[in-house]
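S.K.: Sequence and predicted structure below; questions after.
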Amino acid sequence: MMEVGILGIGVVTPLGSKLTAVWAACGRGVLAEPCALPGLPGHRPLPVFRVDPACEVRHPRLRRASPISHFAAAAAQAAVAESGPLPAGRTALVFAATDGAVIYTRRFYEEVVAAGSGSPLLFPETVYNAAASHVAAIFGIDGCVLTMVGDAVAGLAALSTAADLIRSGEADRCLVVASQEVDWIACEGYRRWGIARGPRQGGAVLAESACALVLGPASPGCAVLQSVRSGAATASGEPVRFQDIFQSVAAARTPDLAVLSAIRSDGAEQRAAEEEFPAARLAWPRRSLGEAFSTSTLLQVACAAQEVRGGGARSAVVSVAGLQGAAGGAFLTASAGGE
Amino acid sequence: MSKLEATRRLPVITGYGCVSPLGSGLAATRKALRAGVDGISEVRVFSASGFRAKSAGQVPEVAPWGQAPCGWECWPRATRLVHAALGEALASRPGFEPELVVAGTTSGGMDFGEFFLRGLSSGMSARDARRWVLGYLPQQPVIEGLKAFGLAAPVRVVSNACASGTNALCLAASAIRSGSYSRVLAIGFDALSEMVFAGFDALRASTDERCRPFDKGRSGLALGEGAACFCLEEARRVPPGTARASIPGWGLANDNHHLTQPDPAGTGPHLSMQRALSDAGWATVDYINAHGTGTPFNDASEAAAIRAVCPEVPVSSTKGMTGHALGAAGAIEAAFCLLAMESGFLPPNINLRESDSGLNIVANTARDSDVRRTMSNSFGFGGANATILLERAP
């Protein structure tokens, strides 16, 4: 079976847009600088991690677009700059989103639905696939363009779908992009759900970010995506066992590095990683970069790929916990001919 | 994977269920579809008094499949629709346990998102806040629906605007063809919500009179809702006589013209139809269920593409009967294609006075026909175009 490699990576994070520096900072335990997002009157704003506003991309398609599209375009441009041009007519795009264009969605509700005024042009930008559409237009992608939505595991669904498109020959390259913007309405939702609490309370800090990966047939020096798996909680609510995910993706291989999500607070993910891979180094980039759900998942994969292609690890496992007992993982190795 | 291997792993539909403004369940739907019933009526789900458009296609009675599961009355409308369609699909293929679920939706549990927004200004209990946030997630209606039938599987949700339902079917079929899975559930769903209704109304895409796809005097779409669900398996792995239809090909295309407006030349629809036919190795089909929303731009663009690809084939848009169910539309219309093939008729394109499409439209009344091969088109915001082909089981 054809090996699928990660040929280009682009990131936009609260710690910058240079992957080597971001990964090094995560390794040192550096935390992004939290800032308070103005929100609901009378409520204490939640801290969030924001990206540098300078990452905005100038393009006619993005004139009215929300931040999620700008972040996505910036990450995609960086990934394509690294991989080389995308082949015309033979490129697919798979986008992963969790909250989508939440800023425009909230504004549309407030201005048009509730107040009966405001611009109707906000509405098309609220659809989940708006950002993917803009990125496709910027790169002239006219084939398969899909937007997968959901929690952190949706990032893996996007990755798996993209790898299938390459293996089946439906595309020669696939741009996988995930992007997340933050808005006070999402902060309120996650706070009331008990997911976002702020670092002092031991909860997640919501974050803006984006990540783009160019997949294609593996070439020397790239990280190879060996497997991607995900599982769902049982009908009775039993969460997926991380041991099962690790065994499934690793298939008896032993990674040098385990990049964990650390979303769930019960420690099950870390315990399982330590049991299954006692010699592996553990890393938690979400602790430094904040929580951006499906985007954080791709950032985990990007960090793992960076370490593998840079020779810091021969192989790496990635694990991700979803919101309702779902979980998944991926396994990466260095390509033959790589370091 | 070689072409031969892919051909051998033919995805087949072994069970399905459908809930739409034409009725709950396949029997009611078949009858209404054949009779050309107009399922569009004054909006009841919320007050449409502040909008230009006042009507939509609404599922007459969203009832649970079998005994109501615990908490049914507190579920988002989308979850109820999914439950009803899923129940019928599973009943038609007893013992089916999916390894993967691929769902298509545009707005998930949007009504719960609206409750949450209103609750922020008017107050809400902590319990309601949590319930509404959870219910808003696009994957939640599917997870909840599966749980009610004692099932669990990884859920992938594709949200490609109005092409989502067809995309879900294509991805599910692709998962079978790739050999990665042998039993996949495909679902398309969307419930009518005030937010989305306001969006189309604000864009003046909705009509304030009847929805008239391909009519010279068409003035816009009517929104709709519903869900359809399909059990997909690999042809070689099902007992003889179990398959209802096969999915021999599909095509996806992105036209990059504009976020909301289609390319007038129909480039995207043309490509997706051509790619689907080429994927299946077919030259033509017996019937096309058009996307046909009833908006001037969409219908003109699609008609141009159909004239170029399959100029003689009978075409109808069923959205004059159901309204546009967005992420559910492609799945519902695939179910209509199956009903047409199983019952030997072409569904009508109602409310047609004078067509300007240049197409062989099945105008106003159903036609008896031995339909074996069908094509269903779905196109959406963002330039998303998807076409799926279905073939009646021998």
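M.R.: That came through, no problem. Numbers count the residues shown, from 1 in each chain, chains lettered A, B, ... in the order given.

S.K.: B:Val158 contacts A:Leu146, correct?
M.R.: Yes - between B:Val158 and A:Leu146 there is a contact under Cβ atoms under 8 Å: 5.6 Å. The C-beta positions use only the backbone N, C-alpha and C, and glycine is treated the same way.

S.K.: quick one: which of the two has more around it?
M.R.: B:Val158 (35 against 30; other Cβ atoms under 10 Å in any protein chain shown).

S.K.: could you list every residue that touches that one?
M.R.: B:Val158 makes contact with A:146-149, B:102-104, B:164, B:167-168, B:171 under the criterion Cβ atoms under 8 Å, 6 or more residues apart in numbering or on different chains.

S.K.: what are the bridge partners for it, then?
M.R.: With DSSP bridges as the criterion, B:Val158 is bridged to A:Met148, B:Gly104.

S.K.: Would you mind measuring from it to B:Tyr136?
M.R.: 18 Å (Cβ to Cβ, to the nearest Å).

S.K.: Test for you: state the pLDDT assigned to B:Lys3.
M.R.: On pLDDT, B:Lys3 comes in at 49.

S.K.: for the residue in the stretch 251-394 of chain B that chain A sits nearest to, helix, strand, or coil?
M.R.: Per Cβ to the nearest Cβ, B:Gly382 is where the stretch 251-394 of chain B lies closest to chain A, at 3.1 Å. Following DSSP: H, G, I helix; E, B strand; the rest coil, we place B:Gly382 in the helix state.

S.K.: Identify the residue spatially nearest to it, adjacent ones excluded.
M.R.: Among residues not flanking B:Gly382 along the chain, A:Ser133 sits closest, at 3.1 Å (Cβ to Cβ, 6 or more residues apart in numbering or on different chains).

S.K.: now stretch A:32-48: mean pLDDT?
M.R.: Per-residue pLDDT values over stretch A:32-48 give a mean of 83.

S.K.: got the residue ranges for the strands in chain A?
M.R.: Ranges of strands in chain A, per DSSP state E, are A:4-12, A:34-36, A:47-49, A:91-97, A:145-149, A:173-180, A:206-207, A:209-217, A:223-231, A:257-259, A:281-283, A:315-321, A:327-334.

S.K.: Among those strands, which comes closest to B:Ser378?
M.R.: Nearest to B:Ser378, of all the strands of chain A, is strand A:145-149, at 13.2 Å by Cβ to Cβ.

S.K.: quick check: angle from that closest one to strand A:91-97?
M.R.: Angle, strand A:145-149 to strand A:91-97, by axes from the mean of the first three to the mean of the last three Cα atoms, to 10 degrees: 20 degrees.

S.K.: what's strand A:145-149 packed up against?
M.R.: Using 3 or more Cβ pairs under 8 Å, 6 or more residues apart in numbering or on different chains; DSSP states H and E, the elements in contact with strand A:145-149 are strand A:91-97, helix A:130-139, helix A:153-167, strand B:155-158, strand B:245-254.

S.K.: Figure out how far the shortest one is from the centre of its chain.
M.R.: Looking back up the chat, that one is strand B:155-158. 15 Å (Cα atoms, centre = their mean, to the nearest Å).

S.K.: Quick one: find the helix or strand in chain B with the lowest mean pLDDT.
M.R.: When the helices and strands of chain B are scored by mean pLDDT, DSSP states H and E, helix B:3-8 comes last with a mean of 55.

S.K.: Contacts only, for A:Ala279.
M.R.: A:254, A:256.

S.K.: same thing but at 10 Å, please
M.R.: A:254-256 (Cβ atoms under 10 Å, 6 or more residues apart in numbering or on different chains).

S.K.: which one of those residues has the most neighbours?
M.R.: Top of the contacts of A:Ala279 by neighbour count (other Cβ under 10 Å): A:Pro255, with 26 neighbours.

S.K.: Burial check on B:Glu73, number of neighbours?
M.R.: 8.

S.K.: part of a strand, is it?
M.R.: No - counting by three-state DSSP, B:Glu73 falls outside a strand, being helix.

S.K.: What score does A:Gln201 have for pLDDT?
M.R.: At A:Gln201, pLDDT is 64.

S.K.: what touches both of B:Val158 and A:Leu146?
M.R.: Going by Cβ under 10 Å, 6+ apart, residues that sit against B:Val158 and also against A:Leu146 are A:94, A:129, A:157-158, A:161, B:164, B:167, B:170-171, B:384, B:386.

S.K.: Name the nearest of these relative to B:Glu333.
M.R.: Among these, B:Ala386 lies closest to B:Glu333 (Cβ to Cβ), at 11.2 Å.

S.K.: State the distance from the closest one to B:Gly165.
M.R.: Taken as Cβ to Cβ, the span from B:Ala386 to B:Gly165 is 9 Å.
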